[in-house]
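S.K.: here you go, sequence then predicted model.
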Number of protein chains: 4
Amino acid sequence: MSKRIERKQSIIQAAIEVFGEKNFANSTISEIAEKANVAEGTIYQYFKNKEDLFFSIPLEKSMEFSRELELHLQGIRGASNKISKFIWYYLHFFTKNPGYGRTLLLEMRVSKNFVKTTAYKSFRPVTDGILEIIKEGQREGVVRGDVSIYIVRQLILGVLEHMVTRWLLSEERYDLLEHCDEVNKLIMDGMGMKADLNQLR
Amino acid sequence: MSKRIERKQSIIQAAIEVFGEKNFANSTISEIAEKANVAEGTIYQYFKNKEDLFFSIPLEKSMEFSRELELHLQGIRGASNKISKFIWYYLHFFTKNPGYGRTLLLEMRVSKNFVKTTAYKSFRPVTDGILEIIKEGQREGVVRGDVSIYIVRQLILGVLEHMVTRWLLSEERYDLLEHCDEVNKLIMDGMGMKADLNQLR
Amino acid sequence: MSKRIERKQSIIQAAIEVFGEKNFANSTISEIAEKANVAEGTIYQYFKNKEDLFFSIPLEKSMEFSRELELHLQGIRGASNKISKFIWYYLHFFTKNPGYGRTLLLEMRVSKNFVKTTAYKSFRPVTDGILEIIKEGQREGVVRGDVSIYIVRQLILGVLEHMVTRWLLSEERYDLLEHCDEVNKLIMDGMGMKADLNQLR
Amino acid sequence: MSKRIERKQSIIQAAIEVFGEKNFANSTISEIAEKANVAEGTIYQYFKNKEDLFFSIPLEKSMEFSRELELHLQGIRGASNKISKFIWYYLHFFTKNPGYGRTLLLEMRVSKNFVKTTAYKSFRPVTDGILEIIKEGQREGVVRGDVSIYIVRQLILGVLEHMVTRWLLSEERYDLLEHCDEVNKLIMDGMGMKADLNQLR
DNA sequence: CATGAATGAGGTTTCATTCAT
DNA sequence: AATGAATGAAACCTCATTCAT
């Protein structure tokens, strides 16, 4: 029944909160259980172990990310505008989900086991999507063709990850979206785009 | 006298190796002690505790990085060439020191306490140096002036960190320096440099 | 339900035995656990830490002391007889509980932290009771009025504590109750009581 | 040479200070060494081990106690006056040596090994002396003859020890000698002395 | 299915003592 | 004789996981 799903959700939600505050090692099952209003043992009915619970977080969140991203990209035309929108959305998303940001960027992204996980694969729709936009840009002639599309993607994600990571480590004391335009410019230029002309808005 | 320094070095060296393989929580003092050929208690004569030993690693390594970087920049003229060389050296350094790379980029860079450490401050010479080169580039007119120099630096370090991080997480299965030229181009363009003309070599 | 209380009791009982033989520092949690037939970790489900377990001993035993003392004082009339009975009971109690005696008199009574403990407060019923008897004796005119009742109480408890302490340190090689009558006389005289006339039995 | 004796003295002095603040378990050889301005290893040239050093403290101090006590008793006539003087001196001594008081009364007196020590025997001169005074009192007819002289001595030492112990545990917040007269009275009466008539001063 | 008490392995750290210099 | 660096044993405590109810 849906009781089971509901309960699983509340455990994941509690896990997001707890792992978002402390790191993996310092988070305890008992605190998650308490926050989820279930007994410790119950968690082991839904998740194999602590790590399994940990990695089920991005599974959940990456779907949320994809779903909403798609909505935001609706109706936008031209690779350049799409990239700009993606950059904005990326920064916007982590502004709204700093706890998940800490978990994903400061912990998981950095763990050896993560790459082997199904959770890791759940990012494929997003990363594939970006690749498509880049190709579209090359077809439109607004993205340079002399560099591998994978490297171009690495440029985009690298800069964004770095920005969010720095912001998280600074304890979110400033507005992440403030630098959105500048980043946009840099990335655009790196990609060989004529950012100014195609700029969104 | 030098016996003491020698012993401290061998402990740090062992720590670099062990912390490079496992993460902080999973590394044990006893393994470090064994690798350094000292008793566990001896470590506590040189370091206050496990964390103190951990953070003494970048203190050590960042000096090595600075020292050698300086040699490599000797005699190079022009901001563009200097940046190119820096990019190459950065990738080269972590190719040679993957264990330290894991410790620094996958663990420390991401730990809240790290920023408060003296170890963190030991990177200042390098990051300050980059800023100087960027300014030099602006004076030469090869670096764009419409973006803050701090953002430009973030572009460079962000991309490099991201590349090395991905490489480390892939378990170093490919040659990091392979993509040196491409990265160079991207960063150059991002910075507004005429990379082709000033390209090193 | 009662399983939990039972288990807590068996841990305290084991603690009384172990702390009674060795001192606090030399007693180990593992020995207590073994004696109580529980795992070491279980102890930490019932007590915050080693010290908490230690101080829970007098909490337990002082209630036993009070409860039985009350029974023994039932039906006894006159302050002098009550004091005599108290003296006897005090010596009797520690004759039966030498391990607890060692813990209480040779360790706790002498520890700075103990005074701040709730355990310390658990003696109040007994010490308050003695004060009442002394006042009663002053009203009856059998206890001197020229000395503070607190000093009189210190006389009684001081002599008794000293006796039991010496006995414990001699490794209980003689009969503590043997000297009961003599002590009685001394205390009575110190208090200004006509011990001979009112003597119990 | 006297250099050796001097050095031993400074170690004992440092030990008195350190053991007087912390208890045996919490005092460290390294702190004592530092306070004595010697290396840790040096202590082991003068004392077999930590316990040996610990027990050498009363050896030192009990001689000081005896020596000065004898001076104070010089010229005093009558057992009653001598006892009174002893009571005063006892309280006076620990007022001047609270650190040693803590070590002796809160720690050693309570340790099983202490009784087996030579240090313990060093109190004999004092305790024997008291016995002599009590006998003298019985000959003079001012001390009751119906109670063992050992019990009488226990009365005296018991009350005094108890007083000093309570004072030490209260962190010496009041004047120990304040209650000297009252204690005197109690003990005198307990001993069957006519305290009022023979009172010192 | 839910519970939560019980488990016990395992690591950090301290510090008395030794011993080569 | 003095040093003080090195030693290593030993113990508390935490917490993920299990399992009987």
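M.R.: Received, thanks. This structure is a prediction, so every number in the text was calculated from the model and none was measured. Residues are numbered from 1 along each chain as shown, chains lettered A, B, ... in the order given.

S.K.: and whichever strand or helix holds A:Glu64, how far from the chain's centre?
M.R.: Remark: A:Glu64 resides in helix A:50-73, with elements defined by DSSP states H and E. On the basis of CA atoms, centre = their mean, to the nearest Å, helix A:50-73 sits 8 Å off its chain's mean C-alpha point.

S.K.: tilt between the helix or strand following it and helix A:50-73?
M.R.: Reading on from helix A:50-73 to the C-terminus, the next helix or strand found by DSSP H and E is helix A:79-96. Per axes from the mean of the first three to the mean of the last three CA atoms, to 10 degrees, the angle that helix A:79-96 makes with helix A:50-73 is 130 degrees.

S.K.: got the contact list for helix A:79-96?
M.R.: Applying CB atoms under 8 Å, 6 or more residues apart in numbering or on different chains, the contact partners of helix A:79-96 are A:65, A:68-69, A:72-73, A:76, A:100-101, A:105, A:130, A:133-134, A:136-137, A:140, A:142-143, A:156, A:160, A:163-164, A:167-168, A:175-177, A:180, A:183-184, A:187-188, A:191, A:193-195, A:198-200. To be clear about C-beta, it is placed using only N, CA and C from the backbone, and glycine gets the same treatment.

S.K.: tell me the buried residues in it?
M.R.: Judged by neighbour count using 16 or more other CB atoms under 10 Å in any protein chain shown, the buried positions of helix A:79-96 are A:79-91, A:93-94.

S.K.: what subset of the contacts of helix A:79-96 is buried?
M.R.: Using 16+ other CB under 10 Å as the burial test, the contacts of helix A:79-96 include A:65, A:69, A:100-101, A:105, A:130, A:133-134, A:136-137, A:142-143, A:156, A:160, A:163-164, A:167-168, A:176, A:180, A:183-184, A:187-188, A:191, A:193, A:195, A:198 as buried.

S.K.: and those, which of them are in helices?
M.R.: Among these, the residues falling in helices (DSSP state H) are A:65, A:69, A:100-101, A:105, A:130, A:133-134, A:136-137, A:156, A:160, A:163-164, A:167-168, A:180, A:183-184, A:187-188, A:191, A:195, A:198.

S.K.: how close does A:Asn81 sit to DNA strand F?
M.R.: Separation of A:Asn81 from DNA strand F (CB to the nearest atom of the strand, to the nearest Å): 46 Å.

S.K.: circling back: what about chain B: which of the buried ones among the contacts of helix A:79-96 touch it?
M.R.: Subset of the buried ones among the contacts of helix A:79-96 in contact with chain B: A:Leu105, A:Met163, A:Val183, A:Ile187, A:Met191, counting by CB under 8 Å from any CB of the partner chain.

S.K.: got the domain boundaries for chain A?
M.R.: Per the record, chain A has its domains at A:1-47, A:57-198, by automatic domain parsing.

S.K.: let's verify the closest residue to A:Leu169 other than its chain neighbours: helix, strand, or coil?
M.R.: Using CB to CB, 6 or more residues apart in numbering or on different chains and skipping the chain neighbours, the partner closest in space to A:Leu169 is B:Val115 (6.2 Å). Using DSSP: H, G, I helix; E, B strand; the rest coil, the structure places B:Val115 in helix.

S.K.: now A:Gly20: which helix or strand?
M.R.: In the assignment (DSSP H and E), A:Gly20 maps to helix A:2-21.

S.K.: okay, angle between the following helix or strand past that helix and helix A:2-21 too, please.
M.R.: Note on helix A:2-21: by DSSP H and E, the next helix or strand toward the C-terminus is helix A:29-36. Helix A:29-36 runs at 120 degrees relative to helix A:2-21, counting by the same axes, to 10 degrees.

S.K.: send me helix A:29-36 as CSV with only the CA atoms.
M.R.: Extracted in CSV, the C-alpha atoms of helix A:29-36 (Å, rounded to 0.1, in the frame of the first residue of the first chain):
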residue,chain,number,x,y,z
ILE,A,29,21.0,6.1,12.0
SER,A,30,19.4,6.9,15.3
GLU,A,31,19.1,10.5,14.5
ILE,A,32,17.6,9.8,11.1
ALA,A,33,15.2,7.4,12.7
GLU,A,34,14.1,9.9,15.3
LYS,A,35,13.6,12.6,12.7
ALA,A,36,11.6,10.2,10.6
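
S.K.: what packs against that helix?
M.R.: helix A:2-21, helix A:40-46 (3 or more CB pairs under 8 Å, 6 or more residues apart in numbering or on different chains; DSSP states H and E).

S.K.: can you list contacts of the first one?
M.R.: Contacts of helix A:2-21 from elsewhere in the structure, counted by CB under 8 Å, 6+ apart, are A:27-28, A:31-33, A:35-38, A:42-43, A:46-47, A:53-54, A:56-57, A:60-61, A:98-100, A:102-103, A:107.

S.K.: which helices and strands sit right next to the helix holding A:Glu64?
M.R.: Helix A:50-73 sits against helix A:2-21, helix A:79-96, helix A:98-106, helix A:118-121, helix A:124-140, with contacts defined as 3+ CB pairs under 8 Å, 6+ apart.

S.K.: A:Val38 is in contact with A:Phe30, correct?
M.R.: For residue A:30 the amino acid is Ser, not Phe. No - using CB atoms under 8 Å, A:Ser30 makes no contact with A:Val38, being 10.9 Å away.

S.K.: the two: which is more packed in?
M.R.: A:Val38 (17 against 11; other CB atoms under 10 Å in any protein chain shown).
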